[in-house]
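S.K.: Just need the structure, nothing else, for what follows:
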Amino acid sequence: MGSTANPSGSVQYFNSNPDSKWVHVEDMFKQGTGGFWRLIHDNQIGYDAQCTDPLSAVATSYRPRSATVGGFWRNKIDGREYQNDKAWRYFDDIYIDNTFSRVVLANASAYEAASIVEPQIPSVWSDSSITVSVNLGMLPNTGTAYLFVFDANNNHNPTGYPVTIGGGGGGPLLSAPANLRIR
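M.R.: Have a look, this model is predicted:
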């Protein structure tokens with residue numbers, strides 16, 4: 001799965017493969033009032049359907065019965081499909097959850113402007129603190145990343161909290177953000 005920017009600058013979702021690079025893909029569903037099905041590729045929305053039943057956004061013959069990661073690449077020319085034995089897919093850090101509550105590090109202080117977004121798996125989450133083990137993923141080993149905390153309704157802090165990466169470690173822990181409430 002992948003997406004690409006078309007000449008107008010918008011992102012389109014399609015079944016494709018990135019060429020020689022890692023990508024971050026998110027597939028989000030919400031059923032019921034305010035429901036949606038959203039496909040996100042490197043933090044750019046490629047498909048966004050508002051619906052009470054995400055599966056109603058797709059033709060009956062294409063409705064998924066399960067989540068699948070993997071597969072093989074094939075090319076279709078002149079109506080014939082054939083396998084390409086030179087194409088490989090690699091998957092890393094696959095994460096599936098049943099809530100929108102999450103913690104991420106990104107490469108921009110405005111979440112919507114970020115092109116790299118890396119999930120941080122919490123080991124402790126309470127009303128007053130969250131503990132994560134840092135996963136840099138595609139973020140650089142030095143510099144500043146920005147921390148975003150999403151609540152159960154998929155809302156996040158408007159500006160990322162700056163986090164210094166590669167500061168040598170062993171220093172004091174980050175201070176808790178002021179006026180941040182997660183419900």
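
S.K.: Please name the bridge partners of Val149.
M.R.: Val103 (DSSP bridges).

S.K.: What's the local residue count around it?
M.R.: 21 (other Cβ atoms under 10 Å). C-betas here are computed from N, CA, C, even on glycine.

S.K.: Run a quick check on it versus Asn157, I expect a contact.
M.R.: Yes: if you go by Cβ atoms under 8 Å, Val149 and Asn157 touch, sitting 5.9 Å apart.

S.K.: give me every residue that touches Tyr95.
M.R.: Contacts of Tyr95 were listed using Cβ atoms under 8 Å, 6 or more residues apart in numbering, and they are Pro119, Ile121.

S.K.: Angles on the backbone of it, please.
M.R.: Dihedral angles of Tyr95 (phi, psi; degrees, to the nearest 10) stand at phi -130, psi 120.

S.K.: Identify the residues contacting stretch 106-124?
M.R.: With contacts defined as Cβ under 8 Å, 6+ apart, stretch 106-124 is touched by 24, 42-43, 93, 95, 102-105, 130-139, 145-148, 156, 159-160, 162.

S.K.: how does the protein divide into domains?
M.R.: 2-83, 102-165 (automatic domain parsing).

S.K.: Buried among the contacts of stretch 106-124? Need that as a selection in PyMOL.
M.R.: Here is the PyMOL command that picks out the buried ones among the contacts of stretch 106-124, judged by 16 or more other Cβ atoms under 10 Å:
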select buried, resi 24+42+43+102+103+104+105+130+132+137+139+145+146+147+148+156+160
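
S.K.: Strands of this structure, start to end?
M.R.: 2-5, 11-14, 25-30, 36-41, 44-50, 74-77, 80-83, 102-106, 117-120, 122-125, 130-132, 143-150, 161-165 (DSSP state E).

S.K.: Among those strands, pick out the one with the most neighbours on average.
M.R.: strand 102-106 (a mean of 22; mean count of other Cβ atoms under 10 Å).
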